[in-house]
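**Student:** dropping the sequence and predicted coords here.
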Amino acid sequence: MKICVFIGDMYRDFAMGILKQLDYYAHEKGYRIDVFGICSMPTKNPLHVIGYKSILSLPNVHEYDGVILCYDTLIHEGVAKDLVEDLLSDNDAPPVVCIRAEIPGFYNVVPDNRALMHDIAKHVIDKCKTNDIGFVTGRDDLDDSIERRLGFEDAMREADKKISDKKIFHGNYWSDQGPEMADFFIKKNGKLPEAIICSNDYEAIALCNELRKRGYTVPQDVMISGVDNAQGAADHIPSITTIEISNAVFVDTAIEVLEDVIAGKKPDLNIYVPGTLILRESTNDLFVERDIFSELLDLTATISINTENMREYVVIGDLFEGALTKDAGKEITLEQFKTIESMKSCYICRYREENRELVGYFTNRGKNKLCSISYSDEKVFPDGFEDDKRGMRVHFPLA
């Protein structure tokens, strides 16, 4: 089976987990999987946005048996709008399975966000003795955020707890609002709600960290929970109580839908996948005797790694400053990709109006080769370099 995958935010945990599970199908099942994605959207400049999203228009989807779309990773600056409209209007397009977002006209593999939030909220609410319970929403423009809020409200009503807009902070699903959340929930007398239920783990971690800076402890001063079991939730101090749908479940279900359609079966258009509650320290459900010295060493190592990762941007920028020719720029690009251990082969292609050109590559982590090989603009990749019947290839724009 040959599958085309569209995905964004490839630097985040969710996208990396999806790609890892897809790689399993490519190498263990012998499928051909071509990924077209965007690592991040660092700018709102319209011209830059056009350049980034052009990667989504490269493949001829009619050459594939099916399409997997991670729509909610491609919503920045309306990147996926044209792609979705084209797929919906194309009567000859292969079946499309949308992961984690519900789009009428596609098959959708989605979490039951309302049920997910209800289950974790019910657990936290049942531990509370008062009505003093806060909630952090996700992005107000996203359906899953609305559903998660409804799940929280369902659990509050079941417990006969009063819902107050004054105790609901409007978040953004990311970790950059810690100070704002803390300011919102800390009362004039310095006290906090009995519990704060967050719409995802990034928000929960950010709030825990900010409260710790201000002298509060979790869960002693306030219980905090998240959703999604993001990377870092288990290792955080305190570890974050959360609920998870594994990325493997999303991918396995999407692949199963495509296999069913190809086999002539008629799967449901909307398939809701369940979650698993993970109880940890942030709601006082787990106590771990920690080796503080070991934790400090791990933290120091993490800071060092992150510092090096940030330094890479500076190093790359500095290296390109010295690239006085196009060939020097290609060499630097290939060398930088070779530093990624999992990168076995790399190809730099130019996509021009009249045709396309392979300008440099390395295979099996071997010697860099600069070239000028033109090929048809109807092909994503020139013939003769890779096995087109199996394996996984990831395409993304360089900017």
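**Tutor:** Thanks, I have it. Numbers count the residues shown, from 1 in each chain.

**Student:** the stretch 201-350 of the chain: helices as residue ranges?
**Tutor:** 201-213, 247-262, 292-321, 326-338 (DSSP state H, counting those that start in this stretch).

**Student:** which segments of this protein make up each domain?
**Tutor:** 2-111+246-275, 113-245+278-288, 295-386 (automatic domain parsing).

**Student:** let's test this: mean pLDDT of the first one, rounded?
**Tutor:** Per-residue pLDDT values over domain 2-111+246-275 give a mean of 91.

**Student:** partners of Val97 in the sheet?
**Tutor:** Ile68, Tyr107 (DSSP bridges).

**Student:** circling back to that earlier point, and the domains of the chain: which comes nearest Arg393?
**Tutor:** Arg393 lies closest to domain 2-111+246-275 among these, at 5.2 Å (Cβ to Cβ). (C-beta placed from N, C-alpha, C; glycine too.)

**Student:** distance between the ends of the closest one?
**Tutor:** One end of domain 2-111+246-275 sits 29 Å from the other (Cα to Cα, to the nearest Å).

**Student:** which of the domains of the chain sits closest to His395?
**Tutor:** domain 2-111+246-275 (5.0 Å).

**Student:** so which of the domains of the chain comes closest to Pro397?
**Tutor:** Comparing the domains of the chain by Cβ to Cβ, domain 2-111+246-275 comes nearest, at 4.8 Å.

**Student:** how near is Thr43 to His76?
**Tutor:** 10 Å (Cβ to Cβ, to the nearest Å).

**Student:** which one's more surrounded, those two?
**Tutor:** His76 (18 against 14; other Cβ atoms under 10 Å).

**Student:** which residue is the nearest non-sequential neighbour of that one?
**Tutor:** Nearest residue to His76 in three dimensions, chain neighbours excluded: Met41, at 4.1 Å (Cβ to Cβ, 6 or more residues apart in numbering).

**Student:** got phi/psi on that neighbour?
**Tutor:** phi -120, psi 90 (degrees, to the nearest 10).

**Student:** tell me the spacing between it and Val84.
**Tutor:** 17 Å.

**Student:** cool, and Leu56?
**Tutor:** Relative to Val84, and taking Cβ to Cβ, Leu56 is found at 10 Å.

**Student:** of the two, who's got more company?
**Tutor:** Leu56 (23 against 20).

**Student:** identify the residue spatially nearest to that one, adjacent ones excluded.
**Tutor:** Nearest one to Leu56, counting by Cβ to Cβ, 6+ apart, is Leu83 at 4.8 Å.

**Student:** which element is the one you found on?
**Tutor:** helix 81-89 (DSSP states H and E).

**Student:** same for that helix, what does it pack against?
**Tutor:** Applying 3 or more Cβ pairs under 8 Å, 6 or more residues apart in numbering; DSSP states H and E, one finds that helix 81-89 contacts strand 66-69.

**Student:** list the contacts of the strand it packs on.
**Tutor:** Applying Cβ atoms under 8 Å, 6 or more residues apart in numbering, the contact partners of strand 66-69 are 1, 3-6, 22, 61, 80, 83-84, 87, 93-99, 103, 106, 251, 254, 258, 261-262.

**Student:** and that strand, how far out from the chain middle?
**Tutor:** 16 Å (Cα atoms, centre = their mean, to the nearest Å).

**Student:** next: stretch 47-57.
**Tutor:** That offset, for stretch 47-57, works out to 19 Å (Cα atoms, centre = their mean).
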